[in-house]
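Chemist: Sequence below, structure please.
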Amino acid sequence: MGLLRLNTLLGDYPVTHALKQGRVASGSVALELADVHPPSSGFKRVVRDLAFDVAELSMTTFLMARAAGKPYRLLPAVVLARLQHDRLVRNAGRPAFGPGELYGKTIGVRMYSVTTAMWLRGVLAEDYGVDASRIRWVTLEEGHVAEFADPAWVERAPAGKDLTAMLLEGEVDAVVTGDGKVADPRIVPVIPDVAVAAQAWRTRKGAIQVNHMVVAKDTVSEATAAEVSRMLEASIRAAGSPELNPFGLEANRRNLEVAIDYVHRQGLIPRRYTVEELYR
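Modeler: This next block holds a predicted model:
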């Protein structure tokens with residue numbers, strides 16, 4: 001019998017290099033890797049078109065897709081995680097303000113439900129008492145999950161707008177930078193002492209802020225999903241098992257519990273799922 005070929009969306013990270021370069025392989029499964037860069041540009045295809053058997057997917061999008069009945073389940077591999085405190089930025093050339101002074105201000109973000117913004121809203125609520133509904137959010141595009149409608153305090157920017165330009169021109173007061181940090185001395189974090197604040201959050205919560213994990217479509221058998229998971233684990237180990245790329249259900253239990261709580265509290269999913277539910 002030939003290899004079972006799975007249409008796969010997976011980005012280029014240190015923890016995926018061994019798998020993508022063929023140093024980790026399988027005798028039963030072949031991952032047909034889609035040429036999509038960055039992988040986040042394919043997330044709508046994952047949850048709207050069900051285009052992939054195996055896919056990297058953002059944490060918030062997966063939870064919202066699960067709530068919308070999309071046929072994907074979680075595999076226990078983190079391919080991207082970071083502490084997000086430095087991703088909320090302001091223009092240093094304008095009057096300074098801190099995270100507790102965001103009421104009445106405007107924040108630009110690619111989409112309201114992007115995972116980085118979800119983590120930042122959770123941090124702002126818990127650590128600075130900030131209610132996201134009292135901020136004007138301006139987005140560039142709709143969310144990945146078609147069934148979700150943005151809250152009333154969210155509006156769309158005119159087509160063709162760029163978040164960095166909007167910030168520098170004073171059209172918004174702050175921006176969520178997402179995957180790419182802006183290398184511009186005029187742009188600085190809103191949260192002071194970001195490294196200290198991020199470490200304090202991690203110590204208090206006992207978690208990391210997961211951005212992307214891997215999912216499998218329900219049509220992928222348990223045996224095949226287990227083989228894909230084995231390959232992912234081997235690739236993560238080949239990269240030295242980085243601290244921000246834990247593998248396994250128990251290794252990610254607390255990370256997922258905090259993510260589920262934040263996403264639910266922000267009204268993006270109707271209830272708090274158990275961790276076990278996400279894997280079946």
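
Chemist: Show the backbone phi and psi for the spatially closest residue to A146 that is not a sequence neighbour.
Modeler: Of all residues not flanking A146 in the chain, R48 sits nearest, at 5.5 Å (Cβ to Cβ, 6 or more residues apart in numbering). From N, CA and C alone the C-beta is placed, and that goes for glycine too. Dihedral angles of R48 (phi, psi; degrees, to the nearest 10) stand at phi -100, psi -40.

Chemist: okay, now R48: neighbour count?
Modeler: 15 (other Cβ atoms under 10 Å).

Chemist: Please apply the same query to S133.
Modeler: Other residues lying near S133 total 12 when counted by other Cβ under 10 Å.

Chemist: Report the contact partners of the nearest residue to it once chain neighbours are set aside.
Modeler: Spatial nearest neighbour of S133, excluding adjacent residues (Cβ to Cβ, 6+ apart): W153 at 5.1 Å. With contact set as Cβ atoms under 8 Å, 6 or more residues apart in numbering, W153 has these partners: 132-137.

Chemist: where do the helices sit along the stretch 151-280 of the chain?
Modeler: 163-168, 194-205, 222-238, 249-265, 275-278 (DSSP state H, counting those that start in this stretch).

Chemist: Which among these is found nearest to G27?
Modeler: Closest to G27 of the helices of the stretch 151-280 of the chain is helix 222-238 (Cβ to Cβ; 8.9 Å).

Chemist: List of residues touching that closest one?
Modeler: Contacting residues not belonging to helix 222-238 are listed as 4, 6, 15-20, 23-26, 28-29, 31, 54, 73, 75-77, 214, 216, 220, 242, 245, 247-248 [Cβ under 8 Å, 6+ apart].

Chemist: Give me the buried subset of the residues you listed.
Modeler: Buried by 16 or more other Cβ atoms under 10 Å: 4, 6, 15-16, 18-20, 24, 26, 29, 31, 54, 73, 75-77, 214, 216, 220, 245, 247, out of the contacts of helix 222-238.

Chemist: Among those, name the ones in helices.
Modeler: 18-20 (DSSP state H).

Chemist: any chance of the residues you listed in JSON lines, plus distance to L124 and pLDDT?
Modeler: What follows is those, written out as JSON lines (distance: Cβ to Cβ, whole Å; pLDDT from 0 to 100):
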{"residue": "A18", "distance to L124": "37", "pLDDT": "98"}
{"residue": "L19", "distance to L124": "36", "pLDDT": "97"}
{"residue": "K20", "distance to L124": "36", "pLDDT": "96"}
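
Chemist: from the residues you listed, which is closest to K105?
Modeler: Lowest distance from K105 to these (Cβ to Cβ) belongs to K20, with 41.3 Å.

Chemist: ok now do the closest one, which residues does it touch?
Modeler: The contact partners of K20, by Cβ under 8 Å, 6+ apart, come to 10, 12, 33, 235.

Chemist: Could I have the buried ones of the contacts of W153 as ChimeraX selection syntax?
Modeler: In ChimeraX, selecting the buried portion of the contacts of W153, with burial taken from 16+ other Cβ under 10 Å, looks like this:
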select :132,135,136,137
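
Chemist: Adding distance to R121, secondary structure and pLDDT, write the contacts of W153 out as CSV.
Modeler: Formatted as CSV, the contacts of W153 follow (distance: Cβ to Cβ, whole Å; DSSP: H, G, I helix; E, B strand; the rest coil; pLDDT from 0 to 100):
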residue, distance to R121, secondary structure, pLDDT
A132, 5, helix, 96
S133, 10, helix, 96
R134, 12, helix, 96
I135, 9, coil, 97
R136, 14, strand, 98
W137, 10, strand, 98
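
Chemist: and of the contacts of W153, the nearest to T203?
Modeler: T203 lies nearest to A132 out of the contacts of W153, by Cβ to Cβ, at 24.2 Å.

Chemist: Could you pull up the contacting residues of F148?
Modeler: So F148 contacts 64, 68, 113, 268 (Cβ under 8 Å, 6+ apart).

Chemist: can you rerun that using 6 Å?
Modeler: By Cβ atoms under 6 Å, 6 or more residues apart in numbering, the contact set of F148 is M64.
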